[in-house]
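Peer 1: got a sequence here, can you model it:
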Amino acid sequence: MKKIICLALVLIMTLSFVACEKEDINKKSEGVMTWQEYNAAALNDEVTIEAYVQGKQGWWSDNGVGKATIYLQDGVGGYLLYDLHCSEEEYGKLVEGTKVRVTGYKVAYKGEYEIIDATFEILEGSYVAPATDITSKLGTADILNCQNMKVAFKGLTVVGIEYQGGARGKDIYVTFSYNGANYDFCVESYLTGADSDLYKAVEALKAGDVVDVEGFAYWYDSAYDAETNVVNPNAINTHITGITVK
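Peer 2: Alright, predicted model coming up:
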């Protein structure tokens with residue numbers, strides 16, 4: 001009986017310890033911006049954020065300088081590190097869920113907010129975000145707050161697909177319709193290349209197919225004016241990471 005009681009006490013203490021140690025994914029170190037502060041920062045401002053790796057494009061070397069584009073998220077919002085300088089060894093450590101602190105400059109390209117010229121540090125902690133269903137936000141200004149997040153859309157209809165430059169192996173541009181409006185998404189070949197199951201699944205789609213989509217909420221607006229910084233919510237150009245035909 002004493003042994004049973006002792007074991008029960010050990011279990012309770014262990015569970016209590018785990019509960020106390022549960023990570024607060026939105027807690028920031030001193031001097032680090034919340035997502036709301038980052039979102040409110042002006043273009044070209046220096047920013048420091050802490051978030052978790054959710055995906056990454058392929059590593060490449062530019063005249064001996066290693067680079068990669070990284071998708072990050074905390075429990076509130078998303079961030080994109082564009083052409084982050086990192087060695088191939090460092091790139092290998094940036095696996096899904098890894099927590100990092102980043103300092104760089106907030107810029108916008110065609111309506112897409114990015115952090116460039118960044119330095120980073122890997123921290124203790126891990127978090128893999130679920131894909132947030134934002135189907136109801138399509139066509140609304142609310143969707144702008146979802147930029148760079150891992151998101152999902154339900155019940156989109158395929159209008160058509162085409163390869164960048166007409167050549168397989170490049171990006172695939174996919175047009176979907178929902179509630180009478182069209183949206184242009186993309187299979188980013190540096191993220192999910194031609195050998196991936198996702199790439200093959202998307203190129204097999206036919207007009208009229210109804211699908212559920214997951215991906216990173218990216219933006220591309222050819223009419224974007226950097227001086228006015230007015231972002232078109234309908235210019236969402238999600239980088240597709242998952243697709244399910246209904």
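Peer 1: does residue 32 count as helix, strand or coil?
Peer 2: Put simply, residue 32 is coil when judged by DSSP: H, G, I helix; E, B strand; the rest coil.
Peer 1: how many neighbours does it have?
Peer 2: By other C-beta atoms under 10 Å, 17 other residues sit near residue 32. All C-beta atoms are positioned from the backbone trio N, CA, C, and that covers glycine.
Peer 1: give me every residue that touches it.
Peer 2: Residue 32 makes contact with 48-50, 101, according to C-beta atoms under 8 Å, 6 or more residues apart in numbering.
Peer 1: ok, of those residues, which one's closest to residue 245?
Peer 2: Residue 245 lies nearest to residue 49 out of these, by C-beta to C-beta, at 36.5 Å.
Peer 1: next, count neighbours for the closest one.
Peer 2: Neighbour tally, residue 49, other C-beta under 10 Å: 26.
Peer 1: before we move on, what about residue 148?
Peer 2: Counted by other C-beta under 10 Å, the residues lying close to residue 148 total 24.
Peer 1: that one - nearest residue in space that isn't next to it in sequence?
Peer 2: In space, and not counting its chain neighbours, residue 148 is closest to residue 78: 3.1 Å by C-beta to C-beta, 6 or more residues apart in numbering.
Peer 1: doesn't residue 71 make contact with that neighbour?
Peer 2: Yes - Residue 78 lies in contact with residue 71 (C-beta atoms under 8 Å); the separation is 7.0 Å.
Peer 1: ok, the two, which is more surrounded?
Peer 2: Comparing residue 78 with residue 71 by other C-beta under 10 Å, the one with more neighbours is residue 71, at 27 against 24.
Peer 1: phi and psi next, for residue 145.
Peer 2: Main-chain dihedrals, residue 145, degrees, to the nearest 10: phi -70, psi -10.
Peer 1: what number of residues lie near it?
Peer 2: Using other C-beta under 10 Å: residue 145 sits among 17 other residues.
Peer 1: would you mind measuring from it to residue 86?
Peer 2: To residue 86, residue 145 is 28 Å away according to C-beta to C-beta, to the nearest Å.
Peer 1: same thing with residue 227?
Peer 2: Distance from residue 227 to residue 86, by C-beta to C-beta: 32 Å.
Peer 1: and the two? Which one has more around it.
Peer 2: In this view residue 227 and residue 86 are compared by other C-beta under 10 Å, and residue 86 has more residues nearby, 22 against 6.
Peer 1: if I look at residue 79, how far off is residue 158?
Peer 2: Distance from residue 79 to residue 158, by C-beta to C-beta: 30 Å.
Peer 1: typo on my end, it should be residue 203
Peer 2: Residue 203 is 12 Å from residue 158, by C-beta to C-beta.
Peer 1: equivalent analysis for residue 215, please.
Peer 2: 15 Å.
Peer 1: please say which of residue 79 and residue 158 ends up with more neighbours.
Peer 2: Using other C-beta under 10 Å, the more surrounded residue of residue 79 and residue 158 is residue 79, with 29 against 20.
Peer 1: so for that one, what's the nearest residue that isn't a sequence neighbour?
Peer 2: Of all residues not flanking residue 79 in the chain, residue 72 sits nearest, at 4.3 Å (C-beta to C-beta, 6+ apart).
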